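**Q** below is the sequence, then the predicted model.
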Amino acid sequence: MGSVSMEGMDVESAAATPGGAGKASAGGGAHGVKLGFNWAGEAFGPADREPTGGLVSSIMNLCACAFGASMLSIPFAMEHAGVLPILGLLVLLGAIATKAAASIIQAGRRCECSSYNGIMSAYFGAFAGHVCESLLALCLALAAMSYIVGLADMLPDMIAATGSISRLPRIIVIMLAVFPLTLVPDMAVFGPASLVACLGCYGLAMGLSFVLATTPPVHGAKAWSTVFLKFDVMAAFQQLPLVTFLYAFHYILTDTLGELANPSASRMSKMIGGTILVQFLCYVVVGVSGLLLVLTLGKSTPDNVLLALGNDSIVVVFARWVLGFLLFATYSLFILPLRNRIELIYWKQVQPGLTVARLQICALLAGLIGVSAITLQNLSLANDVAGGCIAVIMLLFPGMLTVKDTFETPSMPLARRVSQLVVGFCMAALGVLVFAIGIGAAVSELLSDF
């Protein structure tokens, strides 16, 4: 799972695409990419910043956007469905997430368009582009809002002195604290912070493993073999949305690619493969060690494995700070793409630096996100809607791109043509399914409020 093949993305094939002749092959910048063109083959404009993002920082930013409290539900899923079915889903969805990212990148290089909505517009028309742009904006806004709410709710557990402060001033203080971070020029700046956040997630995984290794089983504890031999297909199906969203980074993929220095096919492949591998290994350790620890304690696994350890556990205290820092550090990774989109709409270009226009946009976004976080009554409803939108961006659209690319490549060998069509249709169908589950859950939440 550490590598990914992106056929058709090499320099020669990029030059062979309509309108791309000579762009990638001419010149000969580092790693085979001509200086002055972005990852999709678009020429840089006068106001465009030269990409400076490193490979590791890009991987960490993508991972940080996918990591979160949802990983603490993996042990719960494993107890109900069985360890092997969930491990199988982690492998399968990791492969699908890899293919989805590769499909977006290949489509971008074929149509020489570096934005996701631009790719969808080039392939399926302006309406598809507008739908994509709207879904991306909604996902980014909902993710940012849920991070602020989550951080505000966690703050009393992290800093006891804030427990006497009501939710409103906590949100205001947090919004003031994160505002300066939304003014930075690009996401690559957050690479070191994302690295620390990802290392913290691995520290949490190691912490669970350490407690497991040093905790003797209680009398009557359930045997480990009972969950390793369990194979509940229906329960595994019910965990499909959870496992899918563990790899959800595609809504900031093109923005991250736009900041990757020397974006050759090899570096983009390493970025995607590295992201999936870092996520997969962390999820496996958290899932298996968390489940076995709860079984060792003789308990049933809660939907958040930390609830089984008690508030005084050093692992729980560490996990709160890890997740709190993760929410704080990655909030701006959602705001920056949203900010850049608004700047492109109003000023036809991303602002070159800290301008009055950027201050206005960031202040507007801070106000909207802050007010939404303060007035939000049902966080799970917002997460369900975001989950449905992410399924479209992560699975349905890449599946559609794969199918269309396959139909428009008559020279493709028959066996590969058939396999690509099967993969594309299955990816799109999975996207529709997960979207329906997410929106269905949101509708259910709404009906339960009445």
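**A** Right, received. Where do you want to start? Residues are numbered from 1 along each chain as shown.
**Q** show me what contacts the closest residue to L293 other than its chain neighbours?
**A** In space, and not counting its chain neighbours, L293 is closest to L212: 4.3 Å by C-beta to C-beta, 6 or more residues apart in numbering. To be clear about C-beta, it is placed using only N, CA and C from the backbone, and glycine gets the same treatment. By C-beta atoms under 8 Å, 6 or more residues apart in numbering, the contact list for L212 reads S289, L292, L293, T296.
**Q** dump these to CSV, plus distance to L306, neighbour count and pLDDT.
**A** Below are the contacts of L212 laid out as CSV (distance: C-beta to C-beta, whole Å; neighbours: other C-beta atoms under 10 Å; pLDDT from 0 to 100):
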residue, distance to L306, neighbour count, pLDDT
S289, 13, 21, 92
L292, 15, 22, 89
L293, 10, 23, 88
T296, 15, 18, 86
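**Q** among those, which lie within helices?
**A** S289, L292, L293, T296 (DSSP state H).
**Q** looking at these, which one is closest to G438?
**A** For these, the closest approach to G438 (C-beta to C-beta) belongs to S289, at 28.7 Å.
**Q** need the helices for the stretch 151-300 of the chain, in chain order.
**A** 167-178, 191-214, 225-228, 233-238, 240-245, 253-257, 265-296 (DSSP state H, counting those that start in this stretch).
**Q** between these, which one is closest to L323.
**A** Evaluated with C-beta to C-beta, the helices of the stretch 151-300 of the chain place helix 191-214 nearest to L323, the distance being 8.3 Å.
**Q** show me where the stretch 101-250 of the chain dips below the pLDDT cut-off.
**A** Applying pLDDT under 70 to the stretch 101-250 of the chain picks out residues 219-223.
**Q** kindly recompute the last result at 90.
**A** 142-143, 146, 149-168, 184-193, 204, 208, 210-242, 245 (pLDDT under 90).
**Q** kindly report the same for the stretch 301-450 of the chain.
**A** 301-320, 322-324, 326-327, 329-330, 340-358, 373-389, 409-412, 437-450.
**Q** so which residues of it form helices?
**A** 314-347, 356-375, 379-391, 397-407, 414-448.
**Q** let's have these in CSV, adding distance to L260 and mean neighbour count.
**A** Output for the helices of the stretch 301-450 of the chain, formatted as CSV (distance: least, C-beta to C-beta, whole Å; neighbours: other C-beta atoms under 10 Å):
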stretch, distance to L260, mean neighbour count
helix 314-347, 14, 20
helix 356-375, 22, 16
helix 379-391, 22, 21
helix 397-407, 19, 22
helix 414-448, 24, 16
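**Q** and V285, which of those helices is closest to it?
**A** Going by C-beta to C-beta, the one of the helices of the stretch 301-450 of the chain nearest V285 is helix 314-347, 13.1 Å.
**Q** reformat the helices of the stretch 301-450 of the chain as TSV; add distance to A102.
**A** Shown next, in TSV, are those (distance: least, C-beta to C-beta, whole Å):
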stretch	distance to A102
helix 314-347	20
helix 356-375	31
helix 379-391	18
helix 397-407	8
helix 414-448	11
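**Q** ranking the helices of the stretch 151-300 of the chain by burial, who's on top?
**A** Among the helices of the stretch 151-300 of the chain, helix 253-257 has the highest mean neighbour count (mean count of other C-beta atoms under 10 Å), at a mean of 24.
**Q** show me what that one is packed up against.
**A** Helix 253-257 sits against helix 55-66, helix 83-111, helix 116-124, helix 265-296, helix 314-347, with contacts defined as 3 or more C-beta pairs under 8 Å, 6 or more residues apart in numbering; DSSP states H and E.
**Q** tabulate those helices (a markdown table), appending distance to G388.
**A** Formatted as a markdown table, these follow (distance: least, C-beta to C-beta, whole Å):
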| stretch | distance to G388 |
| --- | --- |
| helix 55-66 | 17 |
| helix 83-111 | 16 |
| helix 116-124 | 17 |
| helix 265-296 | 21 |
| helix 314-347 | 17 |
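**Q** and of these, who's closest to A144?
**A** That would be helix 314-347 among these, by C-beta to C-beta, at 4.3 Å.
**Q** how much does the closest one deviate in direction from helix 356-375?
**A** Calculated by axes from the mean of the first three to the mean of the last three C-alpha atoms, to 10 degrees, helix 314-347 forms an angle of 130 degrees with helix 356-375.
**Q** what packs against helix 314-347?
**A** helix 55-66, helix 126-158, helix 167-178, helix 191-214, helix 253-257, helix 356-375.
**Q** now those helices as JSON lines including distance to E445?
**A** Formatted as JSON lines, those follow (distance: least, C-beta to C-beta, whole Å):
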{"stretch": "helix 55-66", "distance to E445": "23"}
{"stretch": "helix 126-158", "distance to E445": "14"}
{"stretch": "helix 167-178", "distance to E445": "20"}
{"stretch": "helix 191-214", "distance to E445": "28"}
{"stretch": "helix 253-257", "distance to E445": "29"}
{"stretch": "helix 356-375", "distance to E445": "16"}
